[in-house]
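Engineer: Build the 3D model from these lines:
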Amino acid sequence: MIYFDHAATTPVRPEVVSVIQESLIEDFGNPSSTYALGRRTRQHIDQSRRIFAASIQANPADIIITSCGSESNNTAIIPTALALKEKGKHLITSAAEHHAVLHPMHYLETLGFEVTYLPVDDTGKVTLQSVKGAIREDTILVSLMYANNEVGSINPIAAIGAFLAEQNILFHTDAVQAYGSERIDVGQQHIDFLSVSAHKINGPKGIGFLYRKNNLHLPNFIHGGSQENDHRGGTENTPYIRGFAEAVTLMEAERKESNRKKRELGEYFLSGLEKSGIPFKCNGAYSEGVPHILNIWLPGMRSDKMLIQCDLKGIMLAAGSACTAGSLEPSHVLAAMYGMDNPRAAESLRISFGPDNTTDEADTLIALLKSIYNKQYKNV
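Structural biologist: Purely as a prediction, here's the structure:
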């Protein structure tokens, strides 16, 4: 098995599994209970919250633990918009966002809000100038992803955040793909809301967090008990919270070396692909994006057919488009970058690296792509 789809999800680290298993046995006390077993469980959650906060230079009280990045995005966007609707009903996002941002925006449009979907350039980035040009007197919230999940491009978050802070407009960023590789400082970057998911950094699925700036009131998205400082009702998932914290600790310690390995492998892959003679182009600017995401256009080679051939050889990766019910739907990200009619949407692959991927695995994928190309074009 060769796994090149770390942007979709990552394998859970053994150290994380050990912490989860230990917590499942030892932390069965309800953290809201006042007796010793509950208090001990609460202490583990509080320590985890401190780890999450330190990873983005925030205060522990500003961390709301959620079930995933999608919940974090929904929680930041929908209640905030509803709470501020008397001030204004204009929202700004980009055309290349993850659906966990686009769909909440679409939902708010059904409630009478207006949404501006900013274009992206041919590297997949939003420009500060386009944000400035879209601002209106009734703009209340801007949501722009930190790093794109398909092409890896990094938006100018600090510059956009500083401008929006001057305008007194709230700023949310989906940092799910950036969190593992980029150093984030929510204060210096003027970020009001930030979403993170554990399973992108070798943690378990079903756990994440939302950073909420301390002076902001965020209405409850889940009503019930007073958990998460009365922001999210429901008994806490202590084993996964502790597992997530362990994954963050490992990520922080290994980030520099992990980034180096991924970037070197990405450059090695591009060099090998060039030597193979297969015509290709990068979607976006790989050298300027996160190191683990590489998106390539292989002219004339259909994504769905390449994915099937890769799967038959035990190579797992993704396309720059979604395959559903046997039909190829154009990637909304690549369409936003290059236009709806551009063939890149149906002829692109996303290769996303982990620190344990090897040059031998890269060579295997290149050899397979060359074989597919030769059979299709050279009848070899």
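Engineer: Go ahead and name everything in contact with stretch 97-108.
Structural biologist: Applying Cβ atoms under 8 Å, 6 or more residues apart in numbering, the set of residues contacting stretch 97-108 from outside is 69-70, 73-74, 77-78, 81, 91, 93, 115, 117, 143-145, 149, 174, 176, 332. (C-beta placed from N, C-alpha, C; glycine too.)
Engineer: Taking these, please make a PyMOL selection of just the buried ones.
Structural biologist: The PyMOL command for the buried members of the contacts of stretch 97-108 (criterion: 16 or more other Cβ atoms under 10 Å) is given here:
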select buried, resi 69+70+73+74+77+78+81+91+93+115+117+143+144+145+149+174+176+332
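Engineer: C-terminal to the lengthiest helix in the chain, what's the next element?
Structural biologist: Scanning the chain for the helix with the most residues, using DSSP state H, yields helix 238-276. Heading C-terminal from helix 238-276, the first helix or strand you meet, by DSSP states H and E, is strand 281-282.
Engineer: Which neighbouring elements make contact with that next one?
Structural biologist: Counting contacts by 3 or more Cβ pairs under 8 Å, 6 or more residues apart in numbering; DSSP states H and E, strand 281-282 is packed against strand 293-297.
Engineer: Using CSV, list the CA coordinates for the strand it packs on.
Structural biologist: C-alpha atoms of strand 293-297 as CSV (Å, rounded to 0.1, in the frame of the first residue of the first chain):
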residue,chain,number,x,y,z
ILE,A,293,-0.1,19.2,-1.0
LEU,A,294,0.9,18.9,-4.7
ASN,A,295,-1.7,19.2,-7.4
ILE,A,296,-0.7,18.4,-11.0
TRP,A,297,-2.5,18.6,-14.4
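Engineer: Now do that strand and helix 238-276, the angle between them.
Structural biologist: 40 degrees (axes from the mean of the first three to the mean of the last three Cα atoms, to 10 degrees).
Engineer: if we can go back for a sec, from the contacts of stretch 97-108, which land in helices?
Structural biologist: G69, S70, N73, N74, I77, I78, A81, H332.
Engineer: following the strand or helix carrying R50, which helix or strand comes up?
Structural biologist: In this structure, R50 sits in helix 36-55 according to DSSP H and E. Sequence order places strand 63-66 as the next helix or strand after helix 36-55, per DSSP H and E.
Engineer: and for that following strand, what are the contacting residues?
Structural biologist: 45, 48-49, 52-53, 72, 75, 207-212, 218, 228-229, 231-232, 236, 241.
Engineer: If we use 6 Å, what do you get?
Structural biologist: R49, F52, A53, S72, G208, F209, L210, R212, E228, H231, R232, I241 (Cβ atoms under 6 Å, 6 or more residues apart in numbering).
Engineer: cool, stretch 256-270 as well?
Structural biologist: S181, P291, H292, L294, F353, P355, N357, T359, A362.
Engineer: of those residues, the lowest pLDDT goes to which?
Structural biologist: Looking at the contacts of stretch 256-270 by pLDDT, the weakest one is P355, with 94.
Engineer: what's near enough to touch that residue?
Structural biologist: Contacts of P355 by Cβ under 6 Å, 6+ apart are S258, K261.
Engineer: try V120
Structural biologist: Per Cβ under 6 Å, 6+ apart, neighbours of V120: S94, A96, V126, A336, M337.
Engineer: could you redo the last one with a cut-off of 7 Å?
Structural biologist: Residues in contact with V120 (Cβ atoms under 7 Å, 6 or more residues apart in numbering) are S94, A95, A96, V126, A336, M337.
Engineer: for I296, same thing?
Structural biologist: Per Cβ under 7 Å, 6+ apart, neighbours of I296: F280, C282, N283, S348, L349.
Engineer: Roughly how far does the closest residue to R212 other than its chain neighbours sit from I64?
Structural biologist: Spatial nearest neighbour of R212, chain neighbours left out: L218 (5.1 Å); criterion: Cβ to Cβ, 6 or more residues apart in numbering. Distance, L218 to I64, using Cβ to Cβ, to the nearest Å: 8 Å.
Engineer: just D230 next, same as before
Structural biologist: For D230 relative to I64 (Cβ to Cβ), the value is 10 Å.
Engineer: So between the two, which is more surrounded?
Structural biologist: With neighbours defined as other Cβ atoms under 10 Å, D230 and I64 compare such that I64 has more, 24 against 9.
Engineer: distance of the more buried one from Y211?
Structural biologist: From I64 to Y211 the distance is 8 Å (Cβ to Cβ).
Engineer: coming back round to it: how far is the longest helix of the chain from where the chain is centred?
Structural biologist: 14 Å (Cα atoms, centre = their mean, to the nearest Å).
Engineer: Surely Y338 touches E347?
Structural biologist: No: judged on Cβ atoms under 7 Å, Y338 makes no contact with E347 at a distance of 11.3 Å.
Engineer: Who has more neighbours out of these two?
Structural biologist: Higher neighbour count among Y338 and E347: E347, with 24 against 19, using other Cβ under 10 Å.
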